[in-house]
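A.B. asks: A structural model of the following input is requested.
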Amino acid sequence: MAIDPSFLDELNARSDIVDVVSRYVSLKKSGSNYFGLCPFHNEKSPSFSVSQDKQIFHCFGCGVGGGVLSFIMRAEGLEFYDAVSFLAKQYGMTVPENNYDNKTSKKRERLLELMKDTARFYYSELWKPENIKVQQYFVKRGLTRKTMNRFGLGFAPDSFFATMDAMTSKGYTKDELLTCGLISKSEKGNLFDKFRNRVMFPIFDLRGNVIAFGGRVMDDSKPKYLNSPETSIFHKSRNLFAIEKARKTSKDYFILAEGYMDVIALHQAGFDSAVASLGTALTEEQARLIARYTKNIIISYDADNAGQAASQRAIDILKKSGLNVRVLRIPNAKDPDQFIKEKGADAFRRLIEQSADDIAYKLNNIASKFDLEEDQDRISFLKEASYMLSFIDSDIEREIYTSRAANMAKISTQSMMIEVKKAVEKRKQALQKQKKREVRSAVDKAQPKDKTLKYENVNSARSEEEILLVIFGDNSLIGYLNGKISSEDFTSPILKAFFVHALELYKNGKNITIPAFEGYFDPEALSLLTNITSRPMPSMREKALDDSINNIKCRQMKNTDNYNDPLLAYAKARKENIFGGNRI
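C.D. replies: As a prediction, the model looks like this:
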C-alpha cells in the first residue's frame, strides 16, 4: 500500500465508525456495542455489531467485518483507494495522490475514462445529420431532446470498427476495450465492435461513472437487447439502471420497472424514482441497494404473463430486504411506457395510489386461476392460498389476509384459519429438516467462510487464530512470543500474513488494530481477521499462548519422519533447543 500511513491514521481518527455506519444502518446501543440489521445480507434479527472502542464492524450472521474503510468499500462498492477518497471528502481531507501508485485503482480509473469517452462517442454519433432516422426513433418513442440528453442516449454506428478506431485514436489499447466489453474477439482471433447499429443506453454507477451499456435494435432483429458483459467495473447483480438519479428523488418510494425505456418514460413523466434491473431477474444485492434509499417499493412490470411471474419473484426478494412492497396492475396496456403515452401521467399516478400490497396481489393472482363458483376450484384455491399465507410471519397480518381469502372463497374464517395453521406447521417441519441437512461438521465450521482462504491444517490454524486473538487484545504480549514462535511456524498463508503485519506494526511502535490492516488486505481477509479478534479473550493469556504454541509445534513434529509421540517429540525438541533463538 502506498498511501501515506499517517494520512490513513488521521482519516481513521476523524471517521468514527458508529457515525459512518449510522448513515446506512439503524443502530441501537446494547452494552458496549451497537447493533442493527446487516446491510450485506438479509436478516430479521440484528446480528450486525459495531464497536466504537475497537472501531470495527462485524456481522455474526454472514461473517463480514473490518474497519470503517472496509465498510465503505462494501457499502458503496468501491476499491480501497476510491473508498479512502470517498471518506476523506466527507471530512474535508485531500488524499496525497503523489503517494499512491496502486495498479488496480489506476487501471479502474483508466477503464472508467474509456467508458466515459465511449459514451461521448455514441452521443455524438446520434446527433450527426446523417443519423436523423435514429433520432426519430427516440422521438417516436415519445422522448424529448432534454430527456435524451439527461440519460446520455447515443448510437453505435453500423460498423465493425468505428468504436474501436475512435477509442484507439484517443490512446486506449485494444486490450482495454476488450476488458470493458466494448469489442469482441472471433474464433479466428479477429477483433470487432460489440455494439453495432444500435441505440445505446449508458449505465451509470452511484457516483455517475459510466460502467456499462445496453444496446437496442431499431427493428425486429435479434437479439433485441445486447448488454455489456460483467467486467471489473460492472457487476449486473449490484447495480440498477437510473439508480444514480432515483436516489436523489424527494418521493418516499421507488418504482421498479422492467426495461430501460420504461424507466426513461417514467422519469420524463415526473416519476423520478424509477429504476430497473439490468437485463436479468432482480437480485438480493439490488434489493438491498434499493433499501438503502427507501422503505417503499412499487413494482411496475409488464402486464403479460412473464411480467406477472417476474413480479411474484421480485416480491419475495424485496420483502427479504425489509421493503414495503406494492404492485401495480396496468389495465389494457403492456407496460408503463405505453400506458403513460395513452392515458397520461395523472392516470399513472392514480394507479400508484390504487396499487395493491404484495399479499393482496398474490391472493388475487391465485384467485385469477380458478372459478370460485365451482367447488373443486374453491378447494384448489384455498389450498394454494393457505400455503402462500403460511409464509406471513406476523400473526395479525396472517389473520387479516386469511379472513380475506375465506371471504373470496365464501367459507368461514375459522375453517380457513385451520388450513393455514396446518400449512404453517408443515413449513416449520420442512425448515427443521433443511437445517439438519445444512449443519456443517466441526471441521467445516472451523474453516473460513471464504473458500479461497481455506486452512490446510485446521488444528494448527485454530491455534494460530488464538495467537492472533491474544496479541490483538494485548499488543504487549508480542514480546512474550519472542524466541518461542515465528511466522514460519504458521501453516495458514493468510494467518501468517496477519502475524507478519502485526509484528511490523509492533516494531514501528503502532497499535495492532483492524483499521491498521486496511489497505493491506482485501475485505474477505479482513472479515476473517475481524471474526477471529471478535471472540472472547482468554482469561489466562500467557497460558493460552503457550498452549497454542505447543499445539503448533506438536503438529509440526507429527509431520516429521521420526515422529512417534507428539508430547515426547516436543519435549525432545525443546531439550535440544531447536526452537530457541530470537526468530521474530
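
A.B. asks: where does this structure have low pLDDT?
C.D. replies: 1-2, 97-104, 333, 435-445, 558-584 (pLDDT under 70).

A.B. asks: how does it divide into domains?
C.D. replies: Here the domain assignment for the chain is 5-99, 103-234, 235-356, 369-438, 445-575, based on automatic domain parsing.

A.B. asks: I'd like these as a markdown table, with mean neighbour count and distance to L363 appended.
C.D. replies: All C-beta spots, glycine's among them, are computed from the backbone N, C-alpha and C. Supplementary listing: those in a markdown table, determined by neighbours: other Cβ atoms under 10 Å; distance: least, Cβ to Cβ, whole Å:
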| stretch | mean neighbour count | distance to L363 |
| --- | --- | --- |
| domain 5-99 | 18 | 23 |
| domain 103-234 | 17 | 33 |
| domain 235-356 | 19 | 9 |
| domain 369-438 | 15 | 6 |
| domain 445-575 | 17 | 39 |
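
A.B. asks: any idea which of those gets closest to K362?
C.D. replies: Across these, K362 has its closest neighbour in domain 369-438 (5.6 Å, Cβ to Cβ).

A.B. asks: where does A212 sit: helix, strand or coil?
C.D. replies: What DSSP: H, G, I helix; E, B strand; the rest coil gives for A212 is strand.

A.B. asks: give me every residue that touches the closest residue to it other than its chain neighbours.
C.D. replies: Counting by Cβ to Cβ, 6 or more residues apart in numbering, A212 lies nearest to S228, which is 3.6 Å off, once chain neighbours are set aside. Applying Cβ atoms under 8 Å, 6 or more residues apart in numbering to S228 gives the contacts C180, G181, I203, I211, A212, F213, G214, F234.

A.B. asks: and if you look at Q52?
C.D. replies: Counting by Cβ under 8 Å, 6+ apart, Q52 has contacts D16, I17, V18, S32, N33, Y34.

A.B. asks: out of those residues, who's nearest S70?
C.D. replies: The shortest approach to S70 among the contacts of Q52 belongs to I17, at 9.9 Å (Cβ to Cβ).

A.B. asks: wait, what's in contact with the closest one?
C.D. replies: Contacts of I17 by Cβ under 8 Å, 6+ apart are V50, S51, Q52, Q55, I56, F57, G67, V68, F71.

A.B. asks: and the last one, its phi and psi?
C.D. replies: Here is the backbone geometry of F71 (degrees, to the nearest 10): phi -60, psi -50.

A.B. asks: that one - nearest residue in space that isn't next to it in sequence?
C.D. replies: Once flanking residues are discounted, F71 sits nearest to F57: 5.4 Å by Cβ to Cβ, 6+ apart.

A.B. asks: which element is Y401 on?
C.D. replies: Using DSSP states H and E, Y401 falls within helix 395-409.

A.B. asks: again with K116
C.D. replies: Per DSSP H and E: helix 103-126 holds K116.

A.B. asks: now the helices: where do they sit in the stretch 201-350 of the chain?
C.D. replies: 243-246, 260-268, 284-291, 305-320, 336-343, 345-353 (DSSP state H, counting those that start in this stretch).

A.B. asks: pull the residues that contact the fourth one.
C.D. replies: It stands for helix 305-320. With Cβ under 8 Å, 6+ apart, helix 305-320 has contacts from 42, 256, 258, 281-284, 287, 290, 297, 299, 301, 325, 327, 335, 358, 361-362, 365.

A.B. asks: quick check, nearest of the contacts of S228 to K410?
C.D. replies: G214 (48.2 Å).

A.B. asks: distance check, the spatially most central residue of the chain against R292.
C.D. replies: For the chain, E285 is the residue whose C-alpha lies nearest the centre (Cα atoms, centre = their mean; 4.3 Å). Note on E285: its distance to R292, by Cβ to Cβ, to the nearest Å, is 11 Å.

A.B. asks: again, but for F195
C.D. replies: 31 Å.

A.B. asks: distance to K451 for the contacts of I17 - can I get that in JSON lines?
C.D. replies: Conversion of those to JSON lines gives the following (distance: Cβ to Cβ, whole Å):
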{"residue": "V50", "distance to K451": "27"}
{"residue": "S51", "distance to K451": "27"}
{"residue": "Q52", "distance to K451": "32"}
{"residue": "Q55", "distance to K451": "28"}
{"residue": "I56", "distance to K451": "23"}
{"residue": "F57", "distance to K451": "22"}
{"residue": "G67", "distance to K451": "24"}
{"residue": "V68", "distance to K451": "27"}
{"residue": "F71", "distance to K451": "23"}
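
A.B. asks: among these, which are in strands?
C.D. replies: V50, S51, I56, F57 (DSSP state E).

A.B. asks: for the last one, what are its contacts?
C.D. replies: Contacts of F57 were listed using Cβ under 8 Å, 6+ apart, and they are 17, 21, 48-51, 64-67, 70-71, 530.

A.B. asks: partners of it in the sheet?
C.D. replies: On the basis of DSSP bridges, F57 is bridged to V50, G66.

A.B. asks: hang on, R247 packs against F204?
C.D. replies: No: applying Cβ atoms under 8 Å, one finds R247 not in contact with F204, separated by 11.1 Å.

A.B. asks: surely S487 touches L503?
C.D. replies: Yes: S487 is within contact range of L503, at 7.2 Å (criterion: Cβ under 8 Å).

A.B. asks: got the angle between the helix of greatest length in the chain and helix 395-409?
C.D. replies: Using DSSP state H to define each element, the chain has its longest helix at helix 413-438. Angle, helix 413-438 to helix 395-409, by axes from the mean of the first three to the mean of the last three Cα atoms, to 10 degrees: 120 degrees.

A.B. asks: picking that back up, dihedrals phi and psi, the residue nearest to A212?
C.D. replies: The phi/psi pair for S228 (degrees, to the nearest 10) is phi -60, psi 150.

A.B. asks: follow-up on the earlier one: nearest to L481, of the helices of the stretch 201-350 of the chain?
C.D. replies: Nearest to L481, of all the helices of the stretch 201-350 of the chain, is helix 284-291, at 41.5 Å by Cβ to Cβ.
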